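Peer 1: predicted coordinates and the sequence they were generated for:
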Amino acid sequence: MIKKVGVIGVGTMGQGIAEMLAAKGLDVVIIERTPERLSYGLQMIEVSLDKQIEKWALTGAEKKLILSRIHKASDYGELADCGLIIETITEDMEAKKEVFRQLNAICGPNTILASNTSTLSLTELASVTNVPNRVIGLHFIHPVLKIDLVEIVRGLKTSDDTFNQTKHFVEEVISKKGVMVFESPGFVTTRLICLFINEALHVLEEGVASAEDIDRAMRTGYSFQHGPFEMADRFGLDAVLAALDRMFREYGELKYRPSIVLKKMVRAGHLGAKTGVGFFEYDRDGDRIS
C-alpha cells in the first residue's frame with residue numbers, strides 16, 4: 001500500500017495534487033526549486049482550503065488535518081521513503097530528465113516514478129533511470145479536486161506490475177477513474193481537447209461567430225460545462241499553445257498548428273484566468289466576470 005507520496009513542483013497542478021492526496025489521508029512531501037516557491041505553493045493550498053470553508057465544503061478542523069499531512073522538503077533525499085513520487089514541473093523535457101536523474105540516485109527499486117506530463121515522452125524520461133519499468137504517467141486534469149479522471153500512461157518499458165499498482169492507487173486509494181493510455185503525444189484528453197479549442201479559434205478567426213456565441217453554442221447544444229474559449233482560459237492559453245506546438249512538431253500534421261489568434265493572446269500576456277484576462281475576464285479567485 002502506498003501511504004506516502006512525493007510531489008515535485010507545487011505550481012497550480014502540484015498544489016491541486018498535493019491537496020487532493022492529503023485530503024484522501026495520505027502523507028505528502030512537497031519540494032520546489034526554491035524555498036520561496038515552496039512556501040508560496042503551500043500558501044496557495046491553504047487559500048484553496050479557506051475557499052472551501054467559505055462555501056461550507058470543509059471545516060476548520062479538516063483544514064488543519066489536511067495541512068498536517070503536507071510536509072515541505074528541502075532536498076530530494078527526503079523523498080527516498082515515498083512509495084510513489086509524482087513530478088509536476090513545467091513541460092520541459094530536459095528539466096524533467098534532470099528531476100528523474102536525481103530521483104534515480106535516491107530512490108529504491110520499488111518506488112514508482114510518475115510524471116504529470118500531458119505531451120512529453122514517458123519512455124524518454126525513463127531512459128535516464130536504471131528502473132524504466134517503474135516509470136509511468138499520471139496525467140491529472142485541472143482542477144484536480146473536481147475532475148475524477150486520471151490518464152495512466154504506459155511508456156515502452158513500463159511493467160505490468162507498475163501499471164497494476166498505479167491503477168489500484170488511482171481507483172482504490174484516491175477514488176478516481178483511471179483510463180489506460182499507451183504513450184502518444186497529447187495522450188487522449190490533451191490531444192482531443194486542444195484540437196477542439198484550436199478549431200474554435202479558427203471559427204473565430206473566420207468571423208463565423210463571436211467567442212461568447214461559440215461558447216454558448218457548445219454549452220447549450222452539447223452540454224459542455226464550459227465552452228472552448230472559457231476552457232482555454234482556465235487551462236491557460238500559454239499551456240494550450242505549448243501543447244499544440246509540441247503535437248505539431250511530433251505529428252507534423254497541420255491540424256495541430258496553433259491559431260494565430262492564440263499566439264497573439266499569449267504574446268500580449270492575456271493568458272486566461274490566471275492573469276485575469278483571456279478571451280473573457282476573471283476575478284482574483286478565477287471566477288468569470290464577463
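Peer 2: On my side now, so go ahead. Numbering: from 1, shown residues only.
Peer 1: for residue 108, give me its contacts.
Peer 2: Residues in contact with residue 108 (CB atoms under 8 Å, 6 or more residues apart in numbering) are residue 80. Backbone N, C-alpha and C define where each C-beta goes, glycine included.
Peer 1: and for residue 203?
Peer 2: Applying CB under 8 Å, 6+ apart to residue 203 gives the contacts 209, 214.
Peer 1: that one sits in which helix or strand?
Peer 2: In the assignment (DSSP states H and E), residue 203 maps to helix 189-205.
Peer 1: what helices and strands are in contact with the longest helix along the chain?
Peer 2: Scanning the chain for the longest helix, with DSSP state H as the assignment, gives helix 35-54. Packing contacts for helix 35-54, counted by 3 or more CB pairs under 8 Å, 6 or more residues apart in numbering; DSSP states H and E, involve helix 12-23, strand 27-31, helix 60-68, strand 70-72.
Peer 1: centre of the chain versus the helix holding residue 203, how much separation?
Peer 2: 19 Å (CA atoms, centre = their mean, to the nearest Å).
Peer 1: contacts for the helix or strand just after that helix next, please.
Peer 2: Heading C-terminal from helix 189-205, the first helix or strand you meet, by DSSP H and E, is helix 211-222. Here helix 211-222 makes contact (CB under 8 Å, 6+ apart) with 200, 203-204, 208-209, 224-230, 279-280.
Peer 1: which of these sit farthest apart?
Peer 2: By the measure CB to CB, 208 and 225 form the most distant pair in those, at 22.7 Å.
Peer 1: what about the residue lying closest to residue 145 once chain neighbours are set aside, neighbour count?
Peer 2: Nearest residue to residue 145 in three dimensions, chain neighbours excluded: residue 20, at 5.5 Å (CB to CB, 6 or more residues apart in numbering). When neighbours are defined as other CB atoms under 10 Å, residue 20 has 20 of them.
Peer 1: let me have the contacts of helix 211-222 in TSV, adding distance to residue 172 as columns.
Peer 2: Formatted as TSV, the contacts of helix 211-222 follow (distance: CB to CB, whole Å):
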residue	distance to residue 172
200	37
203	42
204	43
208	46
209	45
224	30
225	27
226	30
227	35
228	34
229	37
230	33
279	39
280	39
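Peer 1: got a ChimeraX select line for the buried ones in those?
Peer 2: Applied in ChimeraX, the following selects the buried portion of the contacts of helix 211-222 according to 16 or more other CB atoms under 10 Å:
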select :200,203,204,227,228,229,230,279,280
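Peer 1: picking that back up, the longest helix of the chain versus helix 12-23: what angle between them?
Peer 2: Here helix 35-54 runs at an angle of 60 degrees relative to helix 12-23 (axes from the mean of the first three to the mean of the last three CA atoms, to 10 degrees).
Peer 1: count of residues packed around residue 182?
Peer 2: Count around residue 182 with other CB under 10 Å applied: 12.
Peer 1: sorry, wrong one. I was asking about residue 42.
Peer 2: A count of neighbours around residue 42, defined by other CB under 10 Å, yields 20.
Peer 1: how about the one 10 residues further on?
Peer 2: Other residues lying near residue 52 total 17 when counted by other CB under 10 Å.
Peer 1: likewise residue 286?
Peer 2: With neighbours defined by other CB under 10 Å, the count for residue 286 comes to 14.
Peer 1: so it touches residue 235, yeah?
Peer 2: No. Here residue 286 lies out of contact with residue 235, judged by CB atoms under 8 Å, at a distance of 11.9 Å.
Peer 1: intersection of neighbour lists for the two?
Peer 2: Counting by CB under 8 Å, 6+ apart, residue 286 and residue 235 have no contacts in common.
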